[in-house]
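**Student:** Pasted the sequence and its predicted model underneath.
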Amino acid sequence: MRIIFAGTPDFAVPALSKIHNSNHQVVAVYCQPDRPKGRGKVLTSCAVKNFALENNLDVIQPENFSNEQNLKKLISLEPDIIIVAAYGQILSKEALNLPKFGCLNIHASLLPRWRGAAPIERAILSGDKETGISIMQMNEGLDTGDILLSRKQNIANSETAGSLTESLSIMGADLIMETIEQLPELDARTQDHTKANYAKKILKNESRIDWNQSAENINQMIRAFNPRPIAQSNAEAKEFKDKVLRIVEAEVILSQTSKPPGTVIEQNKQVCHIATGYGILSLKRVQLAGKNIVSIKDFNNAYQLTKLK
């Protein structure tokens with residue numbers, strides 16, 4: 001089968017790798033154009049492009065599919081199917097209708113729950129107990145197409161967006177191969193659109209912690225925003241007046257306190273416990289502005305917190 005693969009971040013690489021190492025032919029790899037990153041704004045290629053070049057696959061990086069030249073190039077490749085995984089661009093109607101078997105999307109949720117850009121982060125942020133992968137036949141809507149195959153995965157209490165992305169990317173790679181091998185016998189099922197909700201893109205300003213929230217909700221936020229954008233709070237200590245403290249990892253303590261939210265209840269060589277709107281949060285790994293990520297033990301050896309706000 002002649003396959004075009006369209007994807008951009010690390011999440012998409014296992015699927016591309018699995019398809020590349022199968023008996024199918026990857027005729028082209030589409031990914032987002034190189035973007036400036038970091039403080040130096042250095043033009044940087046994405047994970048999918050890096051893998052494709054390392055494996056001598058043709059890479060195409062259009063800004064969009066709306067112009068005629070890009071569409072002509074797509075048509076010339078004569079794909080039997082297009083596989084999409086976190087590509088980050090909308091395919092035109094012409095592109096969707098081009099391949100014999102259409103366009104299939106590897107989506108990191110159990111559709112119709114969490115359609116959209118950030119299903120993994122939103123699932124953790126909302127306290128979902130399970131998620132999964134949906135292989136969807138793409139149409140012109142936002143993740144509204146029929147489901148060919150899906151698979152569930154539990155969300156552990158310690159799961160971060162990073163760890164869940166990694167495990168779901170492997171699940172997605174396995175499931176897309178199962179789907180390809182079973183085409184065209186698979187019976188697609190229509191989504192129940194009345195149960196749909198949307199996982200909007202994570203914005204940096206969402207990462208600020210509100211200590212009036214419960215310890216459980218704050219910890220979900222910390223896990224959902226790890227590895228990016230990382231939950232943060234303004235902090236005061238004996239050694240500094242007002243600095244940003246990023247909280248990379250924490251743990252909920254089931255006891256209660258009458259102390260105001262953001263109060264440092266206990267800090268010694270081993271622990272740092274913070275009062276919340278309901279319950280106590282124990283900090284495990286943190287990052288002070290301009291510093292590296294450290295364990296709370298190392299942080300406590302250097303600083304004595306007085307308040308988080």
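**Tutor:** Nice, thanks for sending it over. Numbering: from 1, shown residues only.

**Student:** CA only for contacts and neighbour counts going forward, please
**Tutor:** Will do.

**Student:** And for stretch 295-303, what's in contact with it?
**Tutor:** Contacting residues not belonging to stretch 295-303 are listed as 237-239, 267-272, 283-286 [CA atoms under 8 Å, 6 or more residues apart in numbering].

**Student:** Any idea how far that stretch is from the middle of the chain?
**Tutor:** With CA atoms, centre = their mean, to the nearest Å as the basis, stretch 295-303 stands 30 Å off its chain's centre.

**Student:** And stretch 259-278, by the same measure?
**Tutor:** 30 Å.

**Student:** one step back: of the contacts of stretch 295-303, buried ones?
**Tutor:** The neighbour-count test (16 or more other CA atoms under 10 Å) marks 267, 271-272, 283-286 as buried among the contacts of stretch 295-303.

**Student:** any chance of those residues in CSV, plus pLDDT and distance to residue 201?
**Tutor:** Formatted as CSV, these follow (pLDDT from 0 to 100; distance: CA to CA, whole Å):
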residue, pLDDT, distance to residue 201
267, 97, 36
271, 97, 34
272, 98, 32
283, 98, 27
284, 98, 27
285, 98, 25
286, 98, 24
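
**Student:** can you list these in TSV and add distance to residue 186 and secondary structure?
**Tutor:** Below are the buried ones among the contacts of stretch 295-303 laid out as TSV (distance: CA to CA, whole Å; DSSP: H, G, I helix; E, B strand; the rest coil):
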residue	distance to residue 186	secondary structure
267	58	strand
271	54	coil
272	53	strand
283	48	strand
284	47	strand
285	46	strand
286	48	strand
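
**Student:** Look at the residue of the chain most remote from its centre and report its pLDDT.
**Tutor:** Within the chain, the residue lying farthest from the chain centre (CA atoms, centre = their mean) is residue 238, at 36.9 Å. Per-residue pLDDT puts residue 238 at 96.

**Student:** And the pLDDT at the spatially most central residue of the chain?
**Tutor:** Closest to where the C-alpha atoms of the chain average out (CA atoms, centre = their mean) is residue 120, at 5.0 Å. Residue 120 is assigned a predicted lDDT (pLDDT) of 98.

**Student:** Could you verify that it is part of a strand?
**Tutor:** No: counting by DSSP: H, G, I helix; E, B strand; the rest coil, residue 120 falls outside a strand, being helix.

**Student:** okay but it is in contact with residue 113, surely?
**Tutor:** No: contact criterion CA atoms under 8 Å: residue 120 and residue 113 do not qualify, at 10.9 Å.

**Student:** could the buried ones among the contacts of stretch 295-303 be laid out in a markdown table, adding distance to residue 187?
**Tutor:** Shown next, in a markdown table, are the buried ones among the contacts of stretch 295-303 (distance: CA to CA, whole Å):
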| residue | distance to residue 187 |
| --- | --- |
| 267 | 58 |
| 271 | 54 |
| 272 | 54 |
| 283 | 48 |
| 284 | 47 |
| 285 | 47 |
| 286 | 48 |
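
**Student:** Now flag whichever of these is closest to residue 229.
**Tutor:** Nearest to residue 229 among those is residue 286, at 13.4 Å by CA to CA.

**Student:** Pull the contacting residues for that closest one.
**Tutor:** Counting by CA under 8 Å, 6+ apart, residue 286 touches 245-249, 293-296, 299.

**Student:** Quick one, which of these are buried?
**Tutor:** Buried among these (16+ other CA under 10 Å): 245-249, 293, 295-296, 299.

**Student:** Now flag whichever of these is closest to residue 8.
**Tutor:** Closest approach to residue 8 among these (CA to CA): residue 248, at 25.2 Å.

**Student:** Need the pLDDT of the closest one.
**Tutor:** Confidence score, pLDDT, at residue 248: 98.

**Student:** what sits against it?
**Tutor:** 222-223, 226-227, 230-231, 284-287, 293.

**Student:** Tell me which of the residues you listed fall in helices.
**Tutor:** Among these, DSSP state H puts 222-223 in helices.

**Student:** In the stretch 1-150 of the chain, mark out all the strands, start to finish.
**Tutor:** Ranges of strands within the stretch 1-150 of the chain are 2-7, 25-30, 35-37, 42-44, 59-60, 81-85, 103-107, 115-116, 130-137, 147-154, based on DSSP state E, counting those that start in this stretch.
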